[in-house]
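**Student:** Structural data only, the sequence is not supplied:
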């Protein structure tokens with residue numbers, strides 16, 4: 001069946017994932033004329049503004065570039081589990097599930113800042129988790145802070161995930177004031193440099209402050225959910241709930257490093273959901289970040305659940321719903 005095939009790790013599975021990626025992103029290429037400017041395109045953050053100006057207004061280069069970033073994210077998803085081995089099994093499922101989640105909102109399958117935020121967050125997660133059992137002061141927290149800070153210069157709302165640096169510190173370390181200080185320095189360093197560059201170039205610093213205010217506290221237009229998208233979201237939420245219950249029921253059987261990794265991922269999920277409902281500028285583009293913990297938690301369920309029929313049904317229906325969303329959007 002479908003899940004059984006994707007749980008394998010041979011070249012055939014990689015080929016099927018590539019085919020799935022093309023199917024999930026088909027609507028982006030078929031609807032080139034239907035793309036619109038996103039809220040973030042009107043007053044982009046500094047780094048995203050530079051990139052979007054280089055790519056231009058033609059949606060095709062932006063779609064191709066974003067698709068390449070999705071492919072890179074899929075690789076990073078698998079690589080993180082390979083290095084930390086917190087799922088305790090080598091699998092390509094995190095990559096596939098992230099790809100499928102990227103098709104949940106076809107209107108955002110074009111150049112957008114949230115995918116950059118997700119990529120920098122992935123790198124920050126790795127640096128945080130690498131501090132486990134590191135003796136002395138862990139300067140990884142500075143690295144994680146600066147990665148999140150740089151990512152927020154693409155996608156401003158990533159700055160809320162700076163909390164992860166301190167959450168990771170609480171999960172992995174005994175507490176060190178020096179680590180707290182260097183973490184804060186890491187988070188603010190990209191902004192010090194940005195303000196410095198603005199000053200040297202003679203640009204008005206008030207413009208940069210207005211840009212930050214717009215991207216953090218502005219209100220984009222409400223996303224119009226189609227009935228099919230609502231069904232897909234509710235079904236994904238159901239699988240996520242079942243997967244989380246399954247994960248926490250097995251948490252005490254896992255190694256300490258695996259438990260802490262999953263707890264950090266759970267915090268990412270909580271912050272992402274909280275940002276969607278609380279932060280005024282956050283809309284459905286947060287799926288790029290929410291997709292990180294969701295992909296790993298669903299993977300854990302699909303890999304370790306003992307019952308075979310129920311996960312097969314869950315996975316197949318989820319896969320079909322994403323494909324139907326693409327077909328619906330093309331029409």
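**Tutor:** Nice, thanks for sending it over. No experiment lies behind these values; they were computed from the predicted model shown.
**Student:** Go ahead and flag the most central residue of this structure.
**Tutor:** For the chain, the residue nearest the mean C-alpha position is residue 289 (2.4 Å; Cα atoms, centre = their mean).
**Student:** so that residue touches residue 268, yeah?
**Tutor:** Yes. Under the criterion of Cβ atoms under 8 Å, residue 289 makes contact with residue 268 at 7.2 Å. Using the backbone N, CA and C atoms, a C-beta is placed for each residue, glycine as well.
**Student:** Packing partners of the one helix or strand the residue nearest to the centre of the chain maps to?
**Tutor:** Secondary structure assignment for residue 289, by DSSP states H and E: helix 287-304. Contacts defined by 3 or more Cβ pairs under 8 Å, 6 or more residues apart in numbering; DSSP states H and E place helix 287-304 against helix 59-84, helix 93-101, helix 113-129, helix 227-250, helix 256-278, helix 309-330.
**Student:** Please name the nearest non-neighbouring residue to residue 23.
**Tutor:** Once flanking residues are discounted, residue 23 sits nearest to residue 323: 6.2 Å by Cβ to Cβ, 6 or more residues apart in numbering.
**Student:** Count residues in the vicinity of residue 139, would you?
**Tutor:** Counted with other Cβ atoms under 10 Å, residues neighbouring residue 139 total 16.
**Student:** Tell me if I'm right that it and residue 183 touch.
**Tutor:** No. Between residue 139 and residue 183 there is no contact under Cβ under 8 Å: 9.7 Å.
**Student:** Output the below-cut-off pLDDT ranges for the protein.
**Tutor:** 32-37, 136-137, 175 (pLDDT under 70).
**Student:** So the spatially most distant residue from the centre of it, which state does it fall into?
**Tutor:** Checked against the mean C-alpha position of the chain, the extreme residue using Cα atoms, centre = their mean is residue 202, at a distance of 35.1 Å. The three-state assignment at residue 202 reads coil, by DSSP: H, G, I helix; E, B strand; the rest coil.
**Student:** Kindly report the same for residue 87.
**Tutor:** The three-state label given to residue 87 by three-state DSSP is coil.
**Student:** Name the nearest residue to it, sequence neighbours excluded.
**Tutor:** residue 81 (5.1 Å).
**Student:** and what of residue 225?
**Tutor:** Nearest to residue 225 is residue 233, by Cβ to Cβ, 6+ apart, at 7.5 Å.
**Student:** Okay, the one you found and residue 148: tell me how far apart.
**Tutor:** 27 Å (Cβ to Cβ, to the nearest Å).
**Student:** more neighbours, these two?
**Tutor:** residue 148 (29 against 16).
**Student:** and that one, what element?
**Tutor:** Residue 148 belongs to helix 140-152, assigned by DSSP H and E.
**Student:** Tell me what angle that helix forms with helix 113-129.
**Tutor:** Comparing the axes of helix 140-152 and helix 113-129 via axes from the mean of the first three to the mean of the last three Cα atoms, to 10 degrees yields an angle of 180 degrees.
**Student:** Residues in contact with helix 140-152: which ones?
**Tutor:** 45, 47, 116-117, 119-121, 123-125, 127-128, 130-131, 134, 158-159, 161-162, 164-165, 168-169, 179, 182-191 (Cβ atoms under 8 Å, 6 or more residues apart in numbering).
**Student:** which of those residues count as buried?
**Tutor:** Among the contacts of helix 140-152, the ones that count as buried by 16 or more other Cβ atoms under 10 Å are 45, 47, 116-117, 119-121, 123-125, 127-128, 130-131, 158-159, 161-162, 164-165, 168-169, 179, 182-184, 186-188, 190-191.
**Student:** got a list of what the residue nearest to residue 23 touches?
**Tutor:** Counting by Cβ under 8 Å, 6+ apart, residue 323 touches 23-24, 103.
**Student:** circling back: how about the helices and strands packed on helix 287-304 in TSV, adding distance to residue 220?
**Tutor:** Listed next are the helices and strands packed on helix 287-304 as TSV, based on distance: least, Cβ to Cβ, whole Å:
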stretch	distance to residue 220
helix 59-84	18
helix 93-101	20
helix 113-129	12
helix 227-250	17
helix 256-278	12
helix 309-330	19
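**Student:** for those helices, which one sits closest to residue 217?
**Tutor:** helix 256-278 (11.3 Å; Cβ to Cβ).
**Student:** Let me know the distance separating the closest residue to residue 14 other than its chain neighbours from residue 188.
**Tutor:** Nearest-residue entry for residue 14: residue 92, 6.8 Å, with adjacent residues in sequence omitted and distances by Cβ to Cβ, 6+ apart. Noted for residue 92: a distance of 37 Å to residue 188, by Cβ to Cβ.
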